[in-house]
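**Q** Kindly generate the corresponding structure for this input.
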Amino acid sequence: PPLEVIFSWPPANTVNPESRGTVTTPIAAVLSPITFFIYFARLWVRFRLQRNAGIDDWLMVAALVFLLYSHRNSLAYPPIATHHYVGCYYSIYGVHIWDVDATLFTIQRKLILSIEVVFVLGTGLVKISILLFFRRLGSRGTSKAFRVITWIAIGFTISSTIAFSISPLVGCKPISAYWEQSDVTNIILGKEFDCNEEGVAITVAGVVSTFQDLICALLPNFIYWKAQIPIRQKVALMAIFATAYAVAAFGAMRVYSTYVLFYETYDVSWQLWEIWNWTLLELHIGVICANLPALKVFVKRYLKI
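**A** Model (predicted):
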């Protein structure tokens, strides 16, 4: 923010600052066991029981790395007031920016950068895995147009994932300028940095990601409605794939919150709390949606339902 904006902030309250609460950790604590159970159930079915794992399954294995990083970022920071790097989560997110220790601004930016890249790569792998799964399901009994659209969606998702994961890393030259521009000393000295318009890049990436979520939600309709299966099974499949619409909704909320962050407020730490919660919901529900179809085999085999 400009120097005049910083000087207009109220005095810092680092003892008992106003907070938006610790919602992120409960969200992760509730969704993570469900996500990982369904995730590993899918891998067990495909690799162990059916022994017919495809590229979509291996991509889901790769996505686990990014999911674990997301899980760590949401649970690894204890809800205490601390100024150490490992435990700074609750002192830089969910409180007003003027109540954050100014020495943590650069740490905040480093965390944001890592989360941006990890989220794009993780969700990109999940969406590519889902689309490859649709391609396999629709290899027979679907029109050529469906198969072409699926391949176009796969290519679009691959290219956008690569582009939007690289974009934050090359947005500033050198990369250290990404976090050094938030250093209060540099702001006071009026130091200038060579950085692209971050708000535009992240907002566009969010819009594209949400559009891809909608594609993943719409494509299954052309598979299960034409499938020669009882209507009850069609409804069950529709309910499973309908979770993808929730993912798109969370993505849309994340895009809106991101727009507010860059264009309507300088209270970064307060707004980031909202963005991170939408991000966490989008990521977990997306992984659950991607792995739900394989859960039926696991449940029948081991739970006898």
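
**Q** how about the strands of the stretch 51-200 of the chain, start to end?
**A** For the stretch 51-200 of the chain, applying DSSP state E, counting those that start in this stretch gives strands covering 172-173, 194-195.

**Q** so which of the ones you listed gets nearest T157?
**A** strand 172-173 (26.0 Å; Cβ to Cβ). Just so you know, the C-beta spots here come from the backbone N, C-alpha and C atoms, and that holds for glycine as well.

**Q** how far out from the middle of the chain is that closest one?
**A** The chain centroid and the centroid of strand 172-173 are separated by 24 Å under Cα atoms, centre = their mean, to the nearest Å.

**Q** got a list of contacts for it?
**A** By Cβ atoms under 8 Å, 6 or more residues apart in numbering, the residues outside strand 172-173 that reach it are 178, 181, 193-196.

**Q** now, of the strands of the stretch 51-200 of the chain, which is deepest in the fold?
**A** Mean neighbours per residue, mean count of other Cβ atoms under 10 Å, is largest over the strands of the stretch 51-200 of the chain for strand 172-173, with a mean of 16.

**Q** Who does that one pair with, and is each partner parallel or antiparallel?
**A** strand 194-195 (antiparallel) (DSSP bridges).

**Q** residues making contact with the strand it pairs with?
**A** 171-173, 177-178, 181.

**Q** For the stretch 101-250 of the chain, just list every one of the helices.
**A** Assigned by DSSP state H, counting those that start in this stretch, the stretch 101-250 of the chain shows helices spanning 105-137, 144-170, 177-180, 184-188, 198-218, 221-224, 231-241, 243-263.

**Q** Need the max-distance pair from the contacts of strand 194-195.
**A** Counting by Cβ to Cβ, the most remote pair of the contacts of strand 194-195 is K173 and Q181, 11.8 Å apart.

**Q** Ramachandran coordinates for S8?
**A** phi -90, psi -10 (degrees, to the nearest 10).

**Q** how much space is there between it and A29?
**A** 38 Å (Cβ to Cβ, to the nearest Å).

**Q** again, but for Y93
**A** Here Y93 is placed at a distance of 17 Å from A29 (Cβ to Cβ).

**Q** same question, I115
**A** Here the distance between I115 and A29 works out to 19 Å (Cβ to Cβ).

**Q** Show me which of the two is the more surrounded one.
**A** A direct count of neighbours by other Cβ atoms under 10 Å for I115 and A29 places I115 higher, at 18 against 12.

**Q** So that one is in contact with T279, correct?
**A** Yes: applying Cβ atoms under 8 Å as the test, I115 and T279 come out as touching, 7.5 Å apart.

**Q** Sketch out the low-pLDDT regions of the chain for me.
**A** Flagging of the chain using pLDDT under 70 yields the residue ranges 1, 70-92, 138-142, 224-229, 233, 303-305.

**Q** do that again at 80, thanks
**A** 1-3, 6, 14-16, 21-25, 67-93, 101-104, 137-143, 221-242, 293-305 (pLDDT under 80).

**Q** and the contacts of strand 172-173, which two are the farthest apart?
**A** Based on Cβ to Cβ, the longest span within those runs between Q181 and N196 and measures 11.9 Å.

**Q** Which one's more surrounded, these two?
**A** Under the criterion of other Cβ under 10 Å, the comparison of Q181 against N196 puts Q181 first, with 19 against 13.

**Q** what separates the more buried one from P174, distance-wise?
**A** Distance from Q181 to P174, by Cβ to Cβ: 12 Å.

**Q** could the helices of the stretch 101-250 of the chain be laid out in CSV, adding distance to M60?
**A** CSV is the format used below for the helices of the stretch 101-250 of the chain (distance: least, Cβ to Cβ, whole Å):
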stretch, distance to M60
helix 105-137, 5
helix 144-170, 14
helix 177-180, 30
helix 184-188, 42
helix 198-218, 14
helix 221-224, 19
helix 231-241, 16
helix 243-263, 15
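
**Q** what's the most buried one of these?
**A** Per-stretch averages of neighbours, counted by mean count of other Cβ under 10 Å, single out helix 105-137 among the helices of the stretch 101-250 of the chain, with a mean of 21.
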